[in-house]
Every structure is written in C-alpha cells, then in structure tokens.
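J.: all I have is the shape, not the residue letters:
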C-alpha cells in the first residue's frame, strides 16, 4: 500500500490502495500449493491487449531452468509471495519412483504433459544401466516426496539389450 | 528344510522380525523417513506395539505405533500418516505467502499424531507465536496458514 497522496482518475478500476505495485512482485517468493518454495519471480509478463498479467517467470536458482507459469494457476498474491494453486509437475523431475511394494524403480527423468498444462500424461523414468522407460499416469497412486505406483503396475525387468515387449506397461 | 511347528496355527503367512528390521519406512506423503531398527513388543500380551525408526546420523529416532502402520511389504513399511514431528523446522507462511517464522516445536495430543499447537519462532528479538490446528490451511513442504500474519 502507498501512503503517497495522489489524484485519482479511474472509471471502474480499483483504488490505488487496493492494487499491488508490480515492482515489489519482482523477486517475490513463489510457493506451490503445498508450500514448497519454487523460486523467485524474475519477470512479470503482461498481455499487451488486455493489459492483465499473463504469467510469471520463476527463477529457480543456479543451473535450473526457469519456469513460466500462467496466471490461471495463481491462488494468492502479495508483495512478499505468490502462492500457486498447483504443485508444478515439472518439479517431479529427479524424484524417486517406488513400486507399491516400496522397491525403487527409478528416478523421474522427464514428464509428458497435456500440451503446456500441468496435467501429467506419462512419466519418463531412468535407472542406471537401463534404457529409460515410460510409466502411464494411470499407474501412479501417489505423487509427493516420491512417486508411489499402483499395485497393478507390473513392470517387467527390461535391460538395454532387450527389446520392449508388447504387453509391457512401462 | 522345513521346521517343525507347535504353534497350533498355520504360520505360513506370518513374517519375521528379519522381514521388518532394516526396511525403509515410508510415510503417507511418500517420504522415506528412516529405517526400521526396533520392534516393540508388549511383554504381557506378546503383541507388537510399534516400531522404532532410525532417521539417520545425529537425528533423534521416532517410535511409530502399530495402528499407524498401513502395510509391510517385501521392500518397505508404509505408514498411514505423516509423522507430525517432521513439521519441526518447516517455514510457516500466512495466507498471502508472507513468512511468519519457523516451527520450533510441535505439541501433540498425548502420544497421538494429532497437533495441539505449533510454536513458531519469528526471529531472535521477537516472541514465539503459537499456531493452533484450526489456523492451518496446508501442511506440505511447509506450513501455510488460513489467516493473515497480522491476525495471529
């Protein structure tokens, strides 16, 4: 909020006190719906026609790709933080994948999404000395600190010298 | 060679302490909280009461009651809860994402996994804040409250 006295020229727009200074939003913390600190706001992108915020670019730190997140995923905004409605699916990259028995199957290498949305279609898994393989979203039971698969997931042992079988659900 | 049994029951489907000890313990959120190091047995009832979990070097272990164990599989022990002791050290944010402080301690209801209050440290010169469960919106990677910092 600003304490500066000002002339007001508005039609139906909000009062100055009810708006946010965009300058303050740059470098604000970005939190996921579960409170994970994703990074800091690097850029605010504005739609040139509607003049509304279209999204933000989140800086995630050294050697990490920045994230561009659309405003439809914003939950709350303050001068200190921006809270998202979602857990960005790309943050699953690098997490462990466990079978329903708790066996480590591999690590998430990449994620196939529905277009550019946060909706996951498939997970691409890597394991040392193995070719990376795909696990469909329907086999995922829980996404959290690690990814736990359903008991109906029956990934057969596959090595890089073996060709994938027709009935494999990997 | 099969051993003789005089238990009066078919023990084929039972597991032994060897099947439990050394296994990873995974909480509801999929987090590996440690390794099972002890099995606690009621000396009168001869019933399993819970397991002791080793959380690693220089970390205090934790005891988890039998009722919070969901299943024991060939590779891990799955819990039906997230151990609320794990909240200690998490950041606390208000509804707008403003930082309130860090959880310094957690008060639980008796020996249950139910939060009574969180003690939040704001800084060196500031007083600790007590946060009650009804003021909490989400507990995930950090704690998000359902009210503004100034209303605490």
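T.: Nice, thanks for sending it over. Not measured: the values here are computed from a predicted model. Numbers count the residues shown, from 1 in each chain, chains lettered A, B, ... in the order given.

J.: center of the chain, which residue is that?
T.: As the question left the chain open, I've gone with chain A. Closest residue to the average C-alpha location of chain A: residue A:88 at 1.5 Å, with Cα atoms, centre = their mean.

J.: chain B, not that one
T.: residue B:83 (1.9 Å).

J.: name all residues that make contact with it.
T.: By Cβ atoms under 8 Å, 6 or more residues apart in numbering or on different chains, residue B:83 lies in contact with B:27, B:33, B:62, B:64, B:113. C-betas here are computed from N, CA, C, even on glycine.

J.: now do the host helix or strand of the second one: which elements does it pack against?
T.: Okay, so that is residue B:33. Secondary structure assignment for residue B:33, by DSSP states H and E: strand B:32-41. Helices and strands touching strand B:32-41, by 3 or more Cβ pairs under 8 Å, 6 or more residues apart in numbering or on different chains; DSSP states H and E, are helix B:17-20, strand B:24-26, strand B:48-54, strand B:62-65.

J.: so who does the closest residue to residue A:24 other than its chain neighbours touch?
T.: Of all residues not flanking residue A:24 in the chain, residue A:79 sits nearest, at 4.2 Å (Cβ to Cβ, 6 or more residues apart in numbering or on different chains). Residue A:79 makes contacts with A:20, A:21, A:24, A:25, A:28, as judged by Cβ under 8 Å, 6+ apart.

J.: ok, 7 Å please
T.: A:20, A:24, A:25, A:28 (Cβ atoms under 7 Å, 6 or more residues apart in numbering or on different chains).

J.: the residues you listed, buried ones only, as a ChimeraX selection?
T.: With 16 or more other Cβ atoms under 10 Å in any protein chain shown as the criterion, this ChimeraX line picks the buried residues out of those:
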select /A:25,28
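
J.: going by distance to chain B, which of the contacts of residue A:79 wins?
T.: Within the contacts of residue A:79, distances to chain B taken as Cβ to the nearest Cβ reach their minimum at residue A:28, with 7.8 Å.

J.: what helix or strand does the nearest residue to the closest one once chain neighbours are set aside sit in?
T.: The shortest distance from residue A:28 to any non-neighbouring residue, by Cβ to Cβ, 6+ apart, is to residue A:41 (4.8 Å). Secondary structure from DSSP H and E places residue A:41 in strand A:37-46.

J.: in that strand, what counts as buried?
T.: Per 16+ other Cβ under 10 Å, strand A:37-46 contains these buried residues: A:37, A:38, A:39, A:40, A:41, A:42, A:44.

J.: mean confidence (pLDDT) on that strand, please.
T.: For strand A:37-46, mean pLDDT is 94.

J.: tilt between the helix or strand just after that strand and strand A:37-46?
T.: Downstream of strand A:37-46, the first helix or strand assigned by DSSP H and E is strand A:53-59. Angle of strand A:53-59 versus strand A:37-46, following axes from the mean of the first three to the mean of the last three Cα atoms, to 10 degrees, is 140 degrees.

J.: so does strand A:53-59 get close to chain B?
T.: No - judged by Cβ under 7 Å from any Cβ of the partner chain, strand A:53-59 stays clear of chain B, getting no closer than 13.1 Å.

J.: give the rounded mean pLDDT of that strand.
T.: Mean pLDDT, strand A:53-59: 94.

J.: now stretch B:72-85
T.: 91.

J.: repeat that for stretch A:120-130.
T.: Per-residue scores along stretch A:120-130 average to 91.

J.: please spell out which residues along that stretch are buried.
T.: Going by neighbour count (16+ other Cβ under 10 Å), the buried part of stretch A:120-130 is A:120, A:122, A:123, A:125, A:127.

J.: in a strand, residue A:108, correct?
T.: Yes - assigned with DSSP: H, G, I helix; E, B strand; the rest coil, residue A:108 falls within a strand.
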